[in-house]
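Asker: Any chance you can model this:
(2 chains)
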Amino acid sequence: GAVVSQHPSRVICKSGTSVKIECRSLDFQATTMFWYRQFPKKSLMLMATSNEGSKATYEQGVEKDKFLINHASLTLSTLTVTSAHPEDSSFYICSARDRAGAGADQETQYFGPGTRLLVL
Amino acid sequence: AQKVTQAQTEISVVEKEDVTLDCVYETRDTTYYLFWYKQPPSGELVFLIRRNSFDEQNEISGRYSWNFQKSTSSFNFTITASQVVDSAVYFCALPRMDSNYQLIWGAGTKLIIKP
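Answerer: As a prediction, the model looks like this:
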């Protein structure tokens, strides 16, 4: 149980194009999904918290117009990197919280496999 | 302030040795959870354990064990009889106070198990 998928796993794009990354909870409903960015050999950096049916909450320093997040259903959140530039190249990871989790289970984040973005 | 410190940046041991990964945290919450995740070279984070601050009993799962000491604000992770497949980066995390289930992450410890 608690499986999260991410698509694509890898993407290479030209500078100036937009890239959409999908995050899906496969066997549970996720009220809340999280988007992280991870640089090589670094810890996870939370970019935004995505709640189904409402606007995402962005962390300080993350440009909301650059990283568009849509959480249209209880099983899908998307991150769109708009007008990507080489400095946006990174490993993007999503996680999801099981809304039906009993008690402490709701505290646990389950992670997708990540998306490696390379902007040329 | 809240903080998670994993002081060991990298640990290298030979297979079958026991190894302990340290995690020290700071929080003003009186009740909280602590987490450990594993990130193998593939990149996907794997949930290992969630521990409630009320429960200070050590937990054992196969070769993995966790020692939670509230008095020293530590939540250490031990792997006994390590195997090459244990090679990964391990993260300790703590929920952010008054947040929407957001986590504060340690810097991670890279564990290398040599055959």
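Asker: Which residue ranges of the chain form strands?
Answerer: Since no chain was named, I'll use chain A. A:4-7, A:10-13, A:19-25, A:30-38, A:44-51, A:57-58, A:67-73, A:76-81, A:90-98, A:109-111, A:115-119 (DSSP state E).
Asker: looking at chain B here, not the other one
Answerer: According to DSSP E, the strands that chain B contains are B:3-5, B:10-14, B:19-21, B:24-26, B:33-39, B:46-52, B:59-61, B:64-69, B:74-79, B:88-95, B:103-105, B:109-114.
Asker: Point out the most buried one among those strands.
Answerer: strand B:88-95 (a mean of 23; mean count of other CB atoms under 10 Å in any protein chain shown). No exception for glycine: its C-beta is placed from N, CA and C like everyone else's.
Asker: Check which helices and strands it is in contact with.
Answerer: strand B:3-5, strand B:33-39, strand B:74-79, strand B:103-105, strand B:109-114 (3 or more CB pairs under 8 Å, 6 or more residues apart in numbering or on different chains; DSSP states H and E).
Asker: angle of the third one against strand B:64-69?
Answerer: In terms of direction (axes from the mean of the first three to the mean of the last three CA atoms, to 10 degrees), strand B:74-79 departs from strand B:64-69 by 160 degrees.
Asker: contacting residues around strand B:74-79?
Answerer: Contact with strand B:74-79 is made by B:18-25, B:34, B:36, B:48, B:51, B:63-69, B:86, B:90, B:92, B:111, as judged by CB atoms under 8 Å, 6 or more residues apart in numbering or on different chains.
Asker: What of the fourth one?
Answerer: With CB under 8 Å, 6+ apart as the contact definition, strand B:103-105 has outside contacts at A:43-44, A:46, A:109, B:2-4, B:35, B:91-96.
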